[in-house]
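J.: need a 3D model of the sequence below.
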Amino acid sequence: MTTPTPSPETTPEAGNPATNPTHKALPSQNARQLLKELQEEFPVFRSCQPLAIGIDKQLMARLPGIERKPLRIALGIHTHSLRYLKASEKATARVDLDGQPAGEITPEQRLHAAKLVKERLQKQAEQRQLQRQAEARERQHAAKLGQLVEKFGRNT
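T.: Just a heads-up that it's a prediction; the model follows:
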């Protein structure tokens, strides 16, 4: 598969490695490490701004040699993060890699993000409740064990 040649419409000169000597390649093919590198390289990732549709194609054009699968996984991790979803439920516009407007977020997309945030927060609350219940059972068990130890200690 050949890497598409970046066009001026999709890749501004500032992001073109040939014209920007400060641009660094992102060599990592591990999705989590790649996401960290994307956050270092592009402020829109750090600030969790809603990304343009097709941002993966923009990234592949701007970062030759990057593999599609780790990139897609990294983008999935990023776009499913609670911080990104919260930003997406409130925003009205998407941005490109340079932070420039690149489309709108429809009311349906905002509603979907809000639904995912609500589900995620509800799941976290349920997990915290289960954790508290498990800790309470552990304390009760420890108290009963302490009583048995004390009882056996008096009988011997």
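J.: where does this structure dip in pLDDT?
T.: 1-29, 154-156 (pLDDT under 70).
J.: can you map out the helices along it?
T.: Along the chain, the stretches classed as helices by DSSP state H are 31-41, 43-46, 55-62, 68-79, 82-90, 107-155.
J.: how's this protein carved up into domains?
T.: Using automatic domain parsing, the domain parsing of the chain gives 1-105, 106-156.
J.: wait, residue 103 sits on residue 93?
T.: Yes. Between residue 103 and residue 93 there is a contact under C-beta atoms under 8 Å: 7.1 Å. C-betas here are computed from N, CA, C, even on glycine.
J.: now do the shared contacts for those two.
T.: Common contacts of residue 103 and residue 93 (C-beta atoms under 8 Å, 6 or more residues apart in numbering): none found.
J.: so who does the residue nearest the centre of the chain touch?
T.: Nearest to the mean C-alpha position of the chain, by C-alpha atoms, centre = their mean, lies residue 78 at 2.3 Å. Residue 78 makes contact with 35, 38, 45, 48, 51, 84, according to C-beta under 8 Å, 6+ apart.
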